[in-house]
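Participant: attaching a predicted model along with its sequence, questions to come.
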Amino acid sequence: MTTQLQGLEIIADVIRKNYDLGEVGLPRPVEGAHQRRHRKMIVETSKGTFLAKTYARELKVIDSLNFQHRLSDHLLANGLPVARIQRAKSGKGYVEVDDWILELQEFVRGEPMVLTHNTLVISAKALGKFHKVCYGLPAPPRDVNMWRFSEVPKDVFLHFYNLARQEKDESTLLPHYRYLVEFIQRSVQELSIEKRSLFEVGLIHGDWHGANLLFSGEKLVAIIDLEFAGLGCYLEDISYAMSNLCIRTSVNEEKLRMRTLLLLEHYEKRRELSYAELVALFYAVGVKHITTVSYQSKNNPNVAGYTPSQWIERLAFQCRWLEEQSKKARWGEKL
């Protein structure tokens with residue numbers, strides 16, 4: 001009588017049959033990893049440790065994986081670290097089994113980026129190099145709206161403001177809220193469809209933030225999460241990076257200025273921003289920042305240690321600072 005394999009044993013058996021990796025242990029789930037889009041597991045083998053991912057066997061998934069693997073190979077060939085794709089015996093970067101797909105990547109031992117002077121410089125250089133070396137590569141359309149950084153979703157922001165009103169008297173919040181509404185309105189104008197023809201588009205990462213940059217000490221060991229990569233506006237990547245790495249929770253003007261200048265200086269060593277991009281960038285950062293905090297508050301009202309009412313005040317301060325930098329850029333003044 002043949003014993004039928006179940007659960008993780010099935011995945012281990014598929015790896016043994018389709019990959020030349022010697023002994024293969026039972027996969028174990030990755031602790032703390034988001035498992036919404038696909039399952040992630042760690043697999044120990046005679047030839048090293050790998051990250052196994054499973055996906056639904058759909059044509060759009062297969063097309064996406066093929067693109068991600070080509071991009072991964074291209075980045076490696078151009079000196080940007082990524083988790084190497086382990087090829088199956090067939091030569092493919094994945095195995096199709098019944099109604100699901102298995103992918104194996106090199107397991108990179110590293111930690112999400114900790115912000116320091118050196119890691120900020122490294123991340124800025126890496127983003128500039130990413131855009132530079134991928135220039136002209138065929139880029140598929142992305143599932144998300146290419147201009148999603150240009151406008152804050154009204155319902156999400158209103159929900160966020162209502163959370164703030166529940167904890168603090170509205171009269172103290174109203175001036176900050178009104179300013180943020182005005183900032184959002186001006187952002188829509190600065191990032192309008194009429195002006196977007198001045199912003200360069202190409203192959204972008206699509207989710208550039210500290211958790212997707214793995215470091216060992218102050219060495220970048222892997223750029224991960226290429227599944228959002230595709231055709232996009234370079235401002236999206238830069239605004240995401242600046243929001244997460246330069247602005248995030250700080251209300252110290254000197255820190256904001258130092259971090260922002262550092263990121264722009266080292267990014268532009270690879271790709272220089274146009275005048276139109278630089279003026280619009282600070283509005284894009286603000287839009288991204290407000291949107292991120294508002295979305296994150298839906299799952300947990302306290303975001304990065306601050307309550308919604310505290311965030312309303314912080315966001316107003318940060319957006320005023322960002323708007324001032326845009327004005328300086330418009331008039332050619334030193335940031």
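Facilitator: Received, thanks. Residues are numbered from 1 along each chain as shown.

Participant: so which elements touch the strand or helix carrying residue 62?
Facilitator: Element membership for residue 62 (DSSP states H and E) is helix 59-77. On a contact count with 3 or more C-beta pairs under 8 Å, 6 or more residues apart in numbering; DSSP states H and E, helix 59-77 meets strand 94-97, strand 100-106, helix 117-133. In this view, the C-beta of every residue, glycine as well, is placed from N, C-alpha and C.

Participant: would TSV of those with distance to residue 271 and mean pLDDT be doable?
Facilitator: Listed next are these as TSV, based on distance: least, C-beta to C-beta, whole Å; pLDDT from 0 to 100:
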stretch	distance to residue 271	mean pLDDT
strand 94-97	32	97
strand 100-106	28	97
helix 117-133	5	98
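
Participant: residue 122 versus residue 149, what's the distance?
Facilitator: Per C-beta to C-beta, to the nearest Å, residue 149 is found 23 Å from residue 122.

Participant: hang on, I meant residue 317
Facilitator: 28 Å.

Participant: next one: residue 15
Facilitator: Counting by C-beta to C-beta - residue 15 and residue 122 are separated by 34 Å.

Participant: ok, those two, which is more surrounded?
Facilitator: residue 15 (22 against 18; other C-beta atoms under 10 Å).

Participant: how about the nearest residue to that one, chain neighbours excluded?
Facilitator: In space, and not counting its chain neighbours, residue 15 is closest to residue 24: 5.0 Å by C-beta to C-beta, 6 or more residues apart in numbering.

Participant: with residue 132 instead?
Facilitator: Closest to residue 132 by C-beta to C-beta, 6+ apart is residue 270, at 4.4 Å.

Participant: got a list of what that neighbour touches?
Facilitator: When contacts are counted by C-beta atoms under 8 Å, 6 or more residues apart in numbering, residue 270 touches 125, 128-129, 131-132.

Participant: which pair in these spans the largest distance?
Facilitator: 125 and 131 (11.1 Å; C-beta to C-beta).

Participant: ok, these two, which is more surrounded?
Facilitator: More crowded of residue 125 and residue 131, by other C-beta under 10 Å: residue 131, with 20 against 17.

Participant: the nearest residue to residue 27 once chain neighbours are set aside: how many residues sit nearby?
Facilitator: Taking C-beta to C-beta, 6+ apart, and ignoring the residues beside it in sequence, residue 27 has residue 41 as its nearest neighbour in space, at 3.8 Å. For residue 41, the count of nearby residues is 21 (other C-beta under 10 Å).

Participant: doesn't residue 41 fall inside a helix?
Facilitator: No: judged by DSSP: H, G, I helix; E, B strand; the rest coil, residue 41 forms no part of a helix; its state is strand.

Participant: thinking again about what came up before, export the helices and strands packed on helix 59-77 to a markdown table and append columns for distance to residue 291.
Facilitator: Below are these laid out as a markdown table (distance: least, C-beta to C-beta, whole Å):
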| stretch | distance to residue 291 |
| --- | --- |
| strand 94-97 | 33 |
| strand 100-106 | 30 |
| helix 117-133 | 20 |
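
Participant: between the one helix or strand residue 235 maps to and helix 117-133, how many degrees?
Facilitator: Following DSSP H and E, one finds residue 235 within helix 234-242. For helix 234-242 against helix 117-133, the angle between stretch directions is 170 degrees (axes from the mean of the first three to the mean of the last three C-alpha atoms, to 10 degrees).

Participant: against which helices or strands is helix 234-242 packed?
Facilitator: Under the contact rule (3+ C-beta pairs under 8 Å, 6+ apart), helix 234-242 is packed against helix 117-133, strand 201-204, helix 253-267, helix 275-299.

Participant: would you list the ones you listed in a markdown table and tack on distance to residue 167?
Facilitator: As requested, the helices and strands packed on helix 234-242 are arranged in a markdown table below (distance: least, C-beta to C-beta, whole Å):
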| stretch | distance to residue 167 |
| --- | --- |
| helix 117-133 | 33 |
| strand 201-204 | 37 |
| helix 253-267 | 26 |
| helix 275-299 | 12 |
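
Participant: for residue 173, find the nearest of those.
Facilitator: That would be helix 275-299 among those, by C-beta to C-beta, at 14.4 Å.

Participant: for the closest one, what is the average pLDDT?
Facilitator: For helix 275-299, the mean pLDDT works out to 97.

Participant: distance from the chain centre to the very next helix or strand once past it, please.
Facilitator: Later in the chain than helix 275-299, the nearest helix or strand by DSSP H and E is helix 308-330. On the basis of C-alpha atoms, centre = their mean, to the nearest Å, helix 308-330 sits 22 Å off its chain's mean C-alpha point.

Participant: helix 308-330: which residues count as buried?
Facilitator: For helix 308-330, the neighbour count (16 or more other C-beta atoms under 10 Å) marks 308-319, 321-323, 325-326, 329 as buried.

Participant: between it and helix 234-242, how many degrees?
Facilitator: Going by the same axes, to 10 degrees, helix 308-330 makes 130 degrees with helix 234-242.
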